[in-house]
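Asks: can you look at this prediction? I've put the sequence above it.
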Amino acid sequence: MADSKPAKQPGTGSVRSETGALGDRIRRAKGKRPGVAAAAAMRQRELTGAGRAFRMASEFVAAVIVATALGLALDALFGTRPILMIVLMMMGFAAGVLNVTRAAAEMNANAPVPDPDKLVPVDEDDDDY
């Protein structure tokens, strides 16, 4: 059961040269398609309507849940049953609203400016009076 092919030694450098050549081929292939890479980068930065809604909802809910859990833990630690939970839940609600406001401002700042000519359709019938 002897193999006629010699086994590659890990330190010989032939494996490294093969992977280096593969890396060069991948870089050249990516360089030949700049339009595809630009489109992918643009899609990655854009969010759909559902994505925006999910982001805002998750930021709000996460703030309320974290604050409420912290309030429950502090109540258990100090023996003040509902007081700290209620206070921290209200603070979590305020923090959630602030997070949603900041996220909406960030999304509006990143949104492309619409063309004013395309916002309202042209209506020539308005001046007929």
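Replies: Here it is on my side, so go on. Numbering: from 1, shown residues only.

Asks: next helix or strand past the helix-or-strand element of the chain with minimal mean pLDDT?
Replies: Scoring the helices and strands of the chain by mean pLDDT, DSSP states H and E places helix 34-45 at the bottom, with a mean of 64. Once helix 34-45 ends, the next helix or strand along the chain (criterion: DSSP states H and E) is helix 49-78.

Asks: next, give phi and psi for D115.
Replies: The phi and psi values for D115, taken as degrees, to the nearest 10, are phi -80, psi 120.

Asks: ok, it to M89 distance?
Replies: According to C-beta to C-beta, to the nearest Å, D115 and M89 sit 45 Å apart. Every residue, glycine included, has its C-beta placed from N, CA and C.

Asks: likewise for P82?
Replies: From P82 to M89 the distance is 10 Å (C-beta to C-beta).

Asks: more neighbours: which of the two?
Replies: Counted by other C-beta atoms under 10 Å, P82 and M89 do not tie: M89 has more neighbours, with 19 against 11.

Asks: what's near enough to touch G20?
Replies: By C-beta atoms under 8 Å, 6 or more residues apart in numbering, no residues touch G20.

Asks: how about whichever strand or helix holds it: buried residues?
Replies: Applying DSSP H and E as the criterion places G20 in helix 14-31. By 16 or more other C-beta atoms under 10 Å, helix 14-31 has no buried positions at all.

Asks: please apply the same query to stretch 98-114.
Replies: Along stretch 98-114, these residues count as buried under the neighbour rule (16+ other C-beta under 10 Å): N99, V100, A103.

Asks: go ahead and name everything in contact with that stretch.
Replies: R45, L47, R52, R55, M56, E59, F60, A63.

Asks: what residue ranges in this protein score low on pLDDT?
Replies: In the predicted model, the chain carries pLDDT under 70 at residues 1-16, 32, 34-45, 121-129.

Asks: that older thread, selecting buried members of the contacts of stretch 98-114 in ChimeraX, what would you type?
Replies: Here is the ChimeraX selection string for the buried members of the contacts of stretch 98-114, based on 16+ other C-beta under 10 Å:
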select :55,56,59,60,63
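
Asks: which among the contacts of stretch 98-114 gets closest to L119?
Replies: Ranked by distance to L119 (C-beta to C-beta), those are led by R52 at 20.4 Å.
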